[in-house]
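J.: how does the following fold in three dimensions:
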Amino acid sequence: MEVIRLHTNNVSDFSVLAELPRLREVEIRDTLISDYSVFEKIALLDFLCIGNGAKIKSVSELGGLSGVSYLFLDDTTLESLEGVENMPRLMGLSIFRTAVRDFSALNDRAALPRLNGLAISTDMEQYLNTLDRDDVNVASRDR
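T.: Numbering: from 1, shown residues only. Below is the predicted model of the structure:
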């Protein structure tokens with residue numbers, strides 16, 4: 001199995017995902033997940049989407065996701081991008097409708113050499129002055 005998509009369910013324990021050696025994409029929305037450590041155990045994980053109310057304050061809660069290229073944390077309680085610098089393959093980051101107000105964690109080009117896309121809400125645009133990269137395309141939207 002290479003792709004898992006779970007939407008609107010009462011699952012809270014995702015530890016079984018670490019036993020799927022070919023898993024590349026995980027999308028979970030409207031679940032009861034609280035322990036994100038399983039994701040760093042998925043060796044081939046390239047795409048991770050956690051959304052719709054997930055309780056996560058910082059990217060660092062995800063552990064070391066050095067192989068992830070695309071990270072979507074839309075509609076979560078995310079407040080901090082701390083930890084994103086440990087994701088050297090990251091190309092796209094979506095943090096639409098979160099509480100992130102500081103984008104400076106994205107400024108280290110050496111740590112994030114492939115980052116070229118950032119999706120945010122229009123209300124977050126006022127904080128873009130903390131982003132000091134001209135090689136990242138920022139897309140903002142209301143919905």
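J.: now do the same end-to-end measure for stretch 16-23.
T.: 11 Å (C-alpha to C-alpha, to the nearest Å).
J.: same question for stretch 48-66.
T.: Stretch 48-66: ends 12 Å apart by C-alpha to C-alpha.
J.: what comes up buried for it?
T.: By neighbour count with 16 or more other C-beta atoms under 10 Å, stretch 48-66 contains the buried residues 48-51, 54, 56, 58-62, 65. Backbone N, C-alpha and C define where each C-beta goes, glycine included.
J.: what's the answer for stretch 67-77, then?
T.: Neighbour count says stretch 67-77 has 67-76 buried, by 16+ other C-beta under 10 Å.
J.: repeat for stretch 81-100
T.: 81, 83-87, 90-98, 100.
J.: where do the helices sit along this structure?
T.: Using DSSP state H, the chain contains no helices.
J.: how near is residue 82 to residue 139?
T.: 23 Å (C-beta to C-beta, to the nearest Å).
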